[in-house]
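# Sharing a sequence plus its predicted fold:
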Amino acid sequence: MSDPEKPHSDPAPPRDREANRLSARALRYARVGTQVGGVAARIAGTRLFGMDQQQGNAAALAAALGGLKGPIMKVAQLMATIPDALPPEYAAQLATLQNQAPPMGWAFVKRRMIAELGADWASRFLSFDKEPAAAASLGQVHRARALDGTELAVKLQYPDMQSAVEADLKQLGMLLAIHRRMEPAIDTTEIAEEIGARVREELDYEREAAHAALYAQMLADEAAVRVPRVHGDLSTGRLLTLDWLEGRRLLDFVDHPLEPRNAIARAMFTAWWLPFSRFGVIHGDPHLGNYTVFEEAGTENAEPAGINLLDYGCIRIFPPSFVGGVVDLYRGLQAGDGARVVHAYETWGFRGLTNELIEVLNIWARFIYGPLLDDRVRTIADGVAPGEYGRREAFTVHRALKQQGPVRVPREFVFMDRAAIGLGGVFLHLKAELNFHALFERAIADFAVETVAARQGAALAKAGLR
């Protein structure tokens, strides 16, 4: 609204031609709906006629989604990594999906860059690679060089992504509604809301730039974790330019000797638990592609020195009270203090807690906290494949909840749970052997909710986040 006292104020900014356009949303909805709708009808039909076709239905859904590109792939992969969001058969099938978005061609990239930085965009770079270094579900990354010679990673969003996300989230809602009717043990309503909120945030590259600035603050004193610098003059809401951090894939080190693998795992633990325990912030997408390993410079047989954090789209900022619940549950399980355990669940937002329901939730809690409670050097879970980490326990809990449900999972719990499982999977890939209890105790030393609140408020303000 204009200021009546300033009739000659600056003109309104030009209309955003990609902001959730109805026409683009309708086209996307029709395309995705044709694929997903057929599978939904198949699922409903087999259920109606009493046929157990979970495996076949799951394969059909994966096949349908595998032919699509864009946000629906992101949503599917998120769903596959949230324990109990989907039946095990579906989770296993969707976990096989890969980002298959075809990269934009050079002519397309030039049009996008002109739209974001203006017709003279190329003059603002010393060089700009025509071929993308990576292409994912929402955008692609080009390697470039700034005028001062700094190596850059330039992340460019695909066109009409906001419209595509809204259309795809509607399809997600339809699938989860069917799932709720078929499997009422878990109420997925808040899971869908949380996924929607995080995927929408991933479209906002200005927010992602602020997330990167936030992580630079939180990890400023941690030499084993590198955060890229944001180049604000080369960034917009759909273009994000960061320092290019040189490193090797984490999986390149899985056959190295134990100590280098442990060094990488310790850096991962720090990158994840320190921001959460001190600031109430987590990296909600511990996917292997979001990290690379940097090595000691100037040595002949360079050893891993730490990790580069590359992506800041899926970041979750928690109320400090939620972090207090995480610590309360840990201390309650540690001391056998049932009242403190119940208080933790209530802090997170679980309601209607009976003794039976608490016991079911404790199955999962003891699994998640098991390595943190065990004061010895150990692996995360001996003999378990990384992709299967947590599946057996999730199935046990799901089966028990059928006797207690429906249980609504609080939305703030969703990505905390998912990220913890993803982090455990990384430790399994590395075959790390650490005293996770000692690492966690250091992370929560002198913990107080009030201290987290003060730190968080100051850090968010400095990073320009609310």
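Everything's here; your move.
# the strands in this structure, which residues?
Applying DSSP state E to the chain gives strands spanning 125-128, 134-135, 139-146, 151-157, 186-187, 225-226, 239-243, 248-249, 281-283, 291-295, 304-309, 315-317, 407-408.
# For stretch 447-460, buried residues please.
447, 449, 452, 453, 455, 456, 459, 460 (16 or more other Cβ atoms under 10 Å). Placement of C-beta: from N, CA and C, glycine included.
# now the first one, nearest residue through space, not along the chain?
So that's residue 447. residue 327 (5.4 Å; Cβ to Cβ, 6 or more residues apart in numbering).
# which residues touch that neighbour?
Shown in contact with residue 327 (Cβ atoms under 8 Å, 6 or more residues apart in numbering): 277, 444, 447.
# Kindly reformat these as TSV containing distance to residue 349 and pLDDT.
What follows is the contacts of residue 327, written out as TSV (distance: Cβ to Cβ, whole Å; pLDDT from 0 to 100):
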residue	distance to residue 349	pLDDT
277	20	96
444	21	95
447	20	95
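# Filter those residues down to the ones in helices?
residue 277 (DSSP state H).
# Quick check: which ranges of this protein have low pLDDT?
Scanning the chain with the threshold set as pLDDT under 70 gives 1-102, 171-190, 286, 298-301, 386-387, 390-391, 394-395, 398-399, 401-402, 404-406.
# Residue ranges of each domain in it, please.
22-100+161-189, 250-466 (automatic domain parsing).
# Buried by neighbour count: which residues of stretch 259-267 qualify?
Buried, per 16+ other Cβ under 10 Å, within stretch 259-267: 260, 261, 262, 263, 264, 265, 266, 267.
# Show me where the stretch 351-466 of the chain has its helices.
355-373, 391-401, 411-430, 436-443, 449-463 (DSSP state H, counting those that start in this stretch).
# Same question for the stretch 201-350 of the chain.
205-218, 258-279, 320-335, 338-348.
# Let me have the ones you listed in a markdown table, extended by distance to residue 252.
Below are these laid out as a markdown table (distance: least, Cβ to Cβ, whole Å):
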| stretch | distance to residue 252 |
| --- | --- |
| helix 205-218 | 24 |
| helix 258-279 | 10 |
| helix 320-335 | 32 |
| helix 338-348 | 37 |
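# Tell me which of the ones you listed lies nearest to residue 305.
Closest to residue 305 of these, according to Cβ to Cβ: helix 258-279, at 7.7 Å.
# how much does that closest one deviate in direction from strand 291-295?
If you take axes from the mean of the first three to the mean of the last three Cα atoms, to 10 degrees, helix 258-279 sits at 120 degrees to strand 291-295.
# Which strands and helices lie in contact with helix 258-279?
Using 3 or more Cβ pairs under 8 Å, 6 or more residues apart in numbering; DSSP states H and E as the contact test, the elements touching helix 258-279 are helix 205-218, strand 225-226, strand 281-283, strand 304-309, helix 320-335, helix 411-430, helix 436-443, helix 449-463.
# returning to that earlier point: now for the helices of the stretch 201-350 of the chain, which one comes closest to residue 197?
helix 205-218 (11.8 Å).
# who touches that closest one?
Against helix 205-218 from outside (Cβ under 8 Å, 6+ apart): 155, 157, 201-202, 227-230, 232, 235-240, 242, 274-275, 278-279, 281, 283, 309, 312-313, 315, 459-460, 462-465.
# now stretch 281-290
134, 198, 214-215, 218, 249-251, 268, 271-272, 275-276, 309-318, 415-416, 418-419, 422-423, 425-426, 429, 456.
# For it, list every residue counted as buried.
For stretch 281-290, using 16+ other Cβ under 10 Å, the buried residues are 281, 282, 283, 284, 285, 286, 290.
# Identify the farthest-apart pair in those.
Greatest spatial distance among those (Cβ to Cβ): 281 and 290, at 15.2 Å.
# Send me stretch 138-148 as PDB with only the CA atoms.
Provided in PDB are the C-alpha atoms of stretch 138-148 (Å, rounded to 0.1, in the frame of the first residue of the first chain):
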ATOM      1  CA  LEU A 138      14.700 -27.600  -8.800                       C
ATOM      2  CA  GLY A 139      17.700 -26.100 -10.500                       C
ATOM      3  CA  GLN A 140      21.200 -26.600 -11.800                       C
ATOM      4  CA  VAL A 141      24.700 -25.400 -10.800                       C
ATOM      5  CA  HIS A 142      27.300 -23.800 -13.100                       C
ATOM      6  CA  ARG A 143      30.900 -23.300 -12.300                       C
ATOM      7  CA  ALA A 144      32.100 -19.700 -12.900                       C
ATOM      8  CA  ARG A 145      34.800 -17.300 -11.900                       C
ATOM      9  CA  ALA A 146      34.400 -13.800 -10.500                       C
ATOM     10  CA  LEU A 147      36.100 -10.800 -11.900                       C
ATOM     11  CA  ASP A 148      38.600 -11.000  -9.000                       C
END
